[in-house]
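[1] Following is a predicted model, sequence given first.
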Amino acid sequence: MTPSENPEAKMTDMSADVSPSRPPRAPADQPRLPKDQLLRIHELMLEGRVLEERLIRMQRQGEGYFWIGGPGEEAFNTCLGLLVKKGQGLDHDYLHLHYRSSATLLAMGAPSIDALRQMHNTATDPYSRGRNFVGHFSKREWNLAPITSPIEVQYAIAIGTAIAQRRHGGDALTIVQGGDAGTAEGDFASCLVWASRPGAELPMLIIVTNNQWGISTPAETQHGEEHIADRGKAFGIRTAVCDGNDPETAWHAIAEAMEYVRKERKPFLLEAYVSRLYGHSSSSGSKYVSEEVDCLVELEKKLDARGWRSHEESRQMREQLEGKMQGWYKQVLGEPKPTAEEIWDYVFADRNIVGGES
Amino acid sequence: MATVVQAVRMALHVGEERLGVTDIFGEDVGPPLGGVFTATQGLKTAWNSPLDERGIVGAAMGLAMAGQNPVAEIQFCDYAYNTIDLLKLAGNTYWSCAGDWNVPMTLMTPVGAGIHGSLYHSHSFDAQATRIPGWKIVMPSNPRDAYGLMLSAIADPNPVMVLLPKALMRARAETPDEMIPGEPEDARELRKRIDAPVGADREGWEPNWPDTALELIPFGTATIMREGSDVTVVTYGRLVRVAMKAADVLREEEGISAEVIDLRSLHPYDWPAIEASVRKTGRVLYLNEDTEITNFGEHLVRRTCEELFGELRVAPRLHAGAHVPGIGLAEALENASVPTLESTLDAIRQLARAPEVGRSMRDVPMITRKKPTFDFTLDPRELSGSVIAPALFGRSVRYR
């Protein structure tokens, strides 16, 4: 059995023990989001996919050193990005994401060209000025903490923004996201412990996007727990498991989890089953994995069946996006690279930017 | 007259009242205990965390990034080793995102031997800490410096580590210079006002803080503790007083004049102070208690060779901890593992008496550094001693 074969089976198995907040599974042909909204989600998912495919190609052509990204997580991550209370400071959501989050960024309004810039490590890369791998976004203007290569540290750092938000009040929350393999690290346990301290519970949405792989290691060979989300139950944390490959399911799962955290000011652990469509990274070949569920293919089938967007219309939309991406890509190739002297920049801050000094 | 640990506590109180400290936290940091060394008793923002160093460092980073002003404690530096990748991350965040986020957090932790702490309460952390770029690292040796450096750490917009020599926690000022501006002179009065009573009386107790001044000690400024002309001893933390004692003994009994420099700040460090002294004496001993291989003192030896070779009369020397896996509990074992007064006396004596190398040896071309690791834009001589220097911090200090 490959991990890709069984998300549906797992969904059925788990139905008995998921938390009551999980929406009932509706038949595939019954719309659970309005037409315009789903079409917008589709367009964003498509741009995310076209972006990632361009990034993969850039790495193969030697226009970037390394690729890692999120093809296969577009359905879930697009919904997440659209549901974020976006902005700066304690009245807005803080995001501690991982390196498969490009679709979340696009849904929040980040331009694709900026990811191409980071891939090509140009001086114009707004996330790291050519210092970090692609997918390692940072945007203080939207409370998006720098994404890092270690796969667990965000679970420890998120504790701090959530403590500040608990004290501040209001309805904003801290969102922290990582993969299934990273939950074996101690920081994931730290997050559960700190989020559920009696009388000091944190307004935190803890997300695990479970693609059932850690590089080459199948999750089923390393995890004895039936669902990662079950680990939250020991801490009294409300949990749910959802099919992250279906945007209508993912939307409602995220929305309901967020509503709980915003109102109750307590943590929620949401596990979403997703796919990993181009392997771990460029180091593992970054080839399309046809055995895994492709959320975009599934959504396009659904849109076609509902008569909302035909396969032909989706194909044309993809072509248009590829054309745009091609233009941005060419633009980026002509942009300047950082200079050697820049290594000395940003070693120490001379003012407290996060404290409001400009 | 405060002890080092009372000085830390008073600085944290001033930090709460005047520099916007929002959270002082760690294991046993909040009431009822107020820290295993009592560094955090009676502070209004102090709270207990889970027994989880990675959570403590992560929470401090997140709090800082959310615009708060946290001071986190790792109970003993011996237990900070599982946080090193988070410390690295705190140090590289501002750089990696090209200035998008700074991380204004303070981390304090007791370090070093001298309390019969065996393997896991005797570690030093200066060699590890100075291996993590993006952090400022300080290590006070007396109450006044502990107070002023802690305030600088709180005011700074970067991650700052305050390494507190645990053997000096109960040490008091030895000269008026080491007293805290505004503190009561009577040690008993201060104890009554700010030390929590033991037992049932602690319930409902409130400290009566003295009105100590908001006087910061700038990073990168060393103090000349003893002036001398024969040998330079560069040290910090617990061994400052050991070096001073050694200098006094050697001056009195053997006519050796040793200059003792308390570095106070390890990164940035006061290279001009070292340079001026080495130009005068031509003989330099770097003294610290961390294990000797890839030791911070080795960096100073290397820089001395590269930049001051022509000034040296003898080879520079490092006297540090033995490179063994632990510090043993028995007195003989501990004493053989870290520098003692005896071994420091020997090291200084040998350096002072070593025959001078020939002038021709010293006339080698000098290596010019391409770029200093830290720009000293102010003359540290103007800053030596304890001064208020808001200009040094620019807009990072807001007085309220």
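    Noted; the coordinates are in hand.
[2] Which strand or helix spans the nearest residue to residue A:225 once chain neighbours are set aside?
    Excluding its sequence neighbours, the residue lying closest to residue A:225 (CB to CB, 6 or more residues apart in numbering or on different chains) is residue A:231, at 6.0 Å. Every residue, glycine included, has its C-beta placed from N, CA and C. Here residue A:231 is covered by helix A:230-233, with elements defined by DSSP states H and E.
[3] residues of that helix that come out buried?
    Buried residues in helix A:230-233, counted by 16 or more other CB atoms under 10 Å in any protein chain shown: A:230-232.
[4] ok, and what's touching that helix?
    Helix A:230-233 has contacts (CB atoms under 8 Å, 6 or more residues apart in numbering or on different chains) with A:17, A:183, A:192, A:206, A:225, A:238-239, A:267, A:269.
[5] among the residues you listed, which are in strands?
    Secondary structure from DSSP state E places A:206, A:238-239, A:269 of the contacts of helix A:230-233 in strands.
[6] residue contacts, the closest residue to residue A:276 other than its chain neighbours?
    With sequence-adjacent residues excluded and distances taken as CB to CB, 6+ apart, residue A:276 is closest to residue A:211, at 4.0 Å. Contact analysis of residue A:211 by CB under 8 Å, 6+ apart lists A:3, A:72-73, A:179-180, A:274-276.
[7] before we move on, what about residue A:48?
    A:70-71, A:74, A:77-78, A:102-103, A:106.
[8] which residue sits closest to it in space, ignoring its chain neighbours?
    residue A:103 (3.7 Å).
[9] quick one: average confidence on the helix or strand encompassing the one you found?
    Using DSSP H and E, residue A:103 falls within helix A:102-108. The average pLDDT within helix A:102-108 is 98.
[10] elements contacting that helix?
    helix A:35-60, helix A:74-83, helix A:112-119 (3 or more CB pairs under 8 Å, 6 or more residues apart in numbering or on different chains; DSSP states H and E).
[11] Could you look up the SS state of the residue of chain A found nearest chain B?
    Here the residue of chain A nearest chain B is residue A:160; by CB to the nearest CB that distance is 1.9 Å. Put simply, residue A:160 is helix when judged by DSSP: H, G, I helix; E, B strand; the rest coil.
[12] That one reaches residue B:61, doesn't it?
    Yes. Between residue A:160 and residue B:61 there is a contact under CB atoms under 8 Å: 5.8 Å.
[13] In the stretch 251-400 of chain B, where is pLDDT below threshold?
    Scanning the stretch 251-400 of chain B for pLDDT under 70 picks out B:358-400.
[14] cool, the stretch 101-250 of chain A as well?
    Those would be none, if you go by pLDDT under 70 across the stretch 101-250 of chain A.
[15] Show me the helices in the chain, by range?
    Since you didn't name a chain, this refers to chain A. Here chain A has its helices, by DSSP state H, at A:7-14, A:35-60, A:74-83, A:102-108, A:112-119, A:153-168, A:186-195, A:230-233, A:247-264, A:295-305, A:311-333.
[16] that's the wrong chain, I meant chain B
    Using DSSP H, helices in chain B cover B:4-18, B:53-65, B:84-96, B:126-129, B:143-155, B:187-194, B:239-254, B:271-281, B:296-308, B:331-337, B:341-353, B:359-362, B:380-383, B:390-393.
[17] near chain A at all, the fourth one?
    This means helix B:126-129. No. Contact of helix B:126-129 with chain A (CB under 8 Å from any CB of the partner chain) is absent, the minimum separation being 15.3 Å.
[18] Which elements pack onto that helix?
    If you count contacts as 3+ CB pairs under 8 Å, 6+ apart, helix B:126-129 packs onto strand B:160-165, strand B:265-267, strand B:284-291.
[19] neighbouring strands for the first one, and are they parallel or not?
    Spelled out, that is strand B:160-165. Applying DSSP bridges to the sheet, strand B:160-165 is found paired with strand B:106-111 (parallel), strand B:136-138 (parallel).
[20] Please apply the same query to the shortest one.
    The partner list of strand B:265-267 in its sheet, established with DSSP bridges, is strand B:136-138 (antiparallel).
[21] Rounded mean pLDDT for the partner strand, please.
    For strand B:136-138, the per-residue pLDDT averages 98.
[22] Convert stretch B:46-64 to CSV, retaining C-alpha atoms only.
    Output of stretch B:46-64 as CSV, limited to C-alpha atoms (Å, rounded to 0.1, in the frame of the first residue of the first chain):
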residue,chain,number,x,y,z
ALA,B,46,7.5,37.0,36.5
TRP,B,47,5.8,33.7,35.8
ASN,B,48,6.5,30.0,35.9
SER,B,49,6.9,28.1,32.6
PRO,B,50,6.8,24.4,32.0
LEU,B,51,10.0,22.6,32.5
ASP,B,52,10.9,23.0,28.8
GLU,B,53,14.0,24.9,27.7
ARG,B,54,13.1,24.8,24.0
GLY,B,55,9.6,26.1,24.8
ILE,B,56,11.1,28.9,26.9
VAL,B,57,13.5,30.1,24.1
GLY,B,58,10.8,29.7,21.5
ALA,B,59,8.2,31.6,23.6
ALA,B,60,10.7,34.4,24.1
MET,B,61,11.3,34.7,20.4
GLY,B,62,7.6,34.7,19.6
LEU,B,63,6.9,37.2,22.4
ALA,B,64,9.7,39.5,21.1
